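*Asks:* Show me how the following folds:
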Amino acid sequence: MIKRIPLIARDLKRLYTVLLAVLLVLFAVCSLLTNFNLMTLFANGDAFWEFITEDFLPPALPKASRIPGVLSSVLVTLALAMSATAIAAVFAFFVSLFGSEQVSPFPRFAKVVRGFATFLRNIPALVWAFILFSSLGIGTGVGFVALCITSFAFMVRAFVETMEDVSQDCVESLQAVGASFPQRVSQAILPSCLSGFLSWFLYCVEVNIRASTIVGMVGGGGVGLTLFSYIKSFQYDIALSIILLVAVMVIVVDRITSRLRKEILK
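*Replies:* From the prediction side, this is the model:
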């Protein structure tokens with residue numbers, strides 16, 4: 001008699017079954033709480049595809065006189081993401097030095113710094129843009145500040161974790177011979193953590209390229225504001241062209257930053 005060998009262990013198969021059952025139960029509970037009906041979604045599928053094929057497709061170019069403005073708004077979005085990330089990275093570096101208990105000259109203060117960064121990070125850039133919109137008005141200033149806040153909070157946490165993952169032998173050795181805090185940072189932290197800092201900076205640039213478009217749609221300037229103006233005027237075919245342009249921009253930036261991160265981490 002041939003004995004069958006299961007491809008998956010029984011315990012593991014039982015675990016997968018339980019996880020699937022839990023996911024189905026969670027889906028059912030969430031559907032009841034949000035009044036979501038999957039059948040309604042399928043029933044209205046024809047209207048959705050009709051809207052896509054008739055209003056969005058095919059993409060169309062804006063008037064020749066407006067094309068330079070669209071391209072200029074794309075450059076503004078790129079500059080907004082890069083400048084906000086760069087400024088946030090500088091502030092995040094100095095603050096993160098006080099957020100690591102192993103590096104900070106005030107170890108008890110480190111938890112406060114990390115907690116403050118966590119609080120800021122948990123508020124999306126879109127929410128910050130809505131908050132700032134009422135005080136700063138429409139413009140790139142709203143997008144810049146909103147991206148700066150979220151980037152700063154993200155990179156503080158990332159930089160702190162980078163410093164804590166690195167061996168502290170060099171830091172402790174310098175501290176033992178009486179090196180000052182700036183000397184420990186310049187001689188131990190920067191040489192060992194610089195590649196990690198740059199990698200997180202490039203990753204944040206990728207995130208902010210996408211986020212700057214969304215923030216721009218609520219008054220943050222750039223291509224997001226241009227896109228929203230065409231959507232409000234029901235020119236969906238032109239809006240689709242701008243969406244495709246944004247997608248190409250994001251893909252190109254992602255490829256460049258991914259390549260740079262690989263080179264840095266070698």
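
*Asks:* Look at residue 90 and report its pLDDT.
*Replies:* On the pLDDT scale, residue 90 is placed at 90.

*Asks:* Could you grab the helix/strand/coil label for it?
*Replies:* helix (DSSP: H, G, I helix; E, B strand; the rest coil).

*Asks:* Show me the shaky parts of the protein.
*Replies:* Along the chain, the parts satisfying pLDDT under 70 run over 1-9, 44-45, 55, 166-181, 265-266.

*Asks:* Please, where are all the helices along it?
*Replies:* 10-34, 38-43, 45-51, 67-96, 110-121, 125-136, 140-165, 169-176, 181-184, 190-215, 223-232, 236-264 (DSSP state H).

*Asks:* Flag every buried residue along the shortest one.
*Replies:* For helix 181-184, a neighbour-count test (16 or more other CB atoms under 10 Å) marks residue 184 as buried. Quick note: C-beta positions are derived from backbone N, CA and C, even for glycine.

*Asks:* Which secondary structure elements does it sit against?
*Replies:* With contacts taken as 3 or more CB pairs under 8 Å, 6 or more residues apart in numbering; DSSP states H and E, helix 181-184 sits against helix 169-176.

*Asks:* ok, the residue nearest to the spatial centre of the chain - contacts?
*Replies:* The chain has residue 207 as the residue nearest its centroid, 3.5 Å off, counting by CA atoms, centre = their mean. Residue 207 is in contact with 151, 154, counting by CB atoms under 8 Å, 6 or more residues apart in numbering.

*Asks:* Likewise for residue 113?
*Replies:* Here residue 113 is in contact with 95-96, 98-99, 104, 156, 160 (CB under 8 Å, 6+ apart).

*Asks:* Kindly report the same for residue 258.
*Replies:* Residue 258 makes contact with residue 206 under the criterion CB under 8 Å, 6+ apart.

*Asks:* swap the cut-off to 10 Å and go again
*Replies:* Counting by CB atoms under 10 Å, 6 or more residues apart in numbering, residue 258 touches 202-203, 206.

*Asks:* Could you dump these into JSON lines with distance to residue 127 added?
*Replies:* Formatted as JSON lines, those follow (distance: CB to CB, whole Å):
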{"residue": "202", "distance to residue 127": "25"}
{"residue": "203", "distance to residue 127": "21"}
{"residue": "206", "distance to residue 127": "21"}
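
*Asks:* And those, which is closest to residue 141?
*Replies:* Comparing the contacts of residue 258 against residue 141 with CB to CB places residue 206 closest, at 22.9 Å.

*Asks:* Quick check, the closest one in contact with residue 151.
*Replies:* No - counting by CB atoms under 10 Å, residue 206 stays clear of residue 151, with 11.4 Å between them.

*Asks:* Compare neighbour counts for the two and give me the winner.
*Replies:* residue 151 (28 against 18; other CB atoms under 10 Å).

*Asks:* How much space separates the residue lying closest to the more buried one once chain neighbours are set aside from residue 158?
*Replies:* Excluding the flanking residues, the one nearest residue 151 by CB to CB, 6 or more residues apart in numbering is residue 88, at 3.6 Å. Applying CB to CB, to the nearest Å, the value for residue 88 to residue 158 is 11 Å.

*Asks:* Same question for residue 125.
*Replies:* From residue 125 over to residue 158 the distance is 16 Å, taken as CB to CB.

*Asks:* the more surrounded of these two?
*Replies:* Using other CB under 10 Å as the criterion, residue 125 and residue 158 rank with residue 125 on top: 25 against 22.

*Asks:* just checking, that one touches residue 217?
*Replies:* No - shown here, residue 125 and residue 217 do not form a contact pair, counting by CB under 10 Å, at 11.6 Å.
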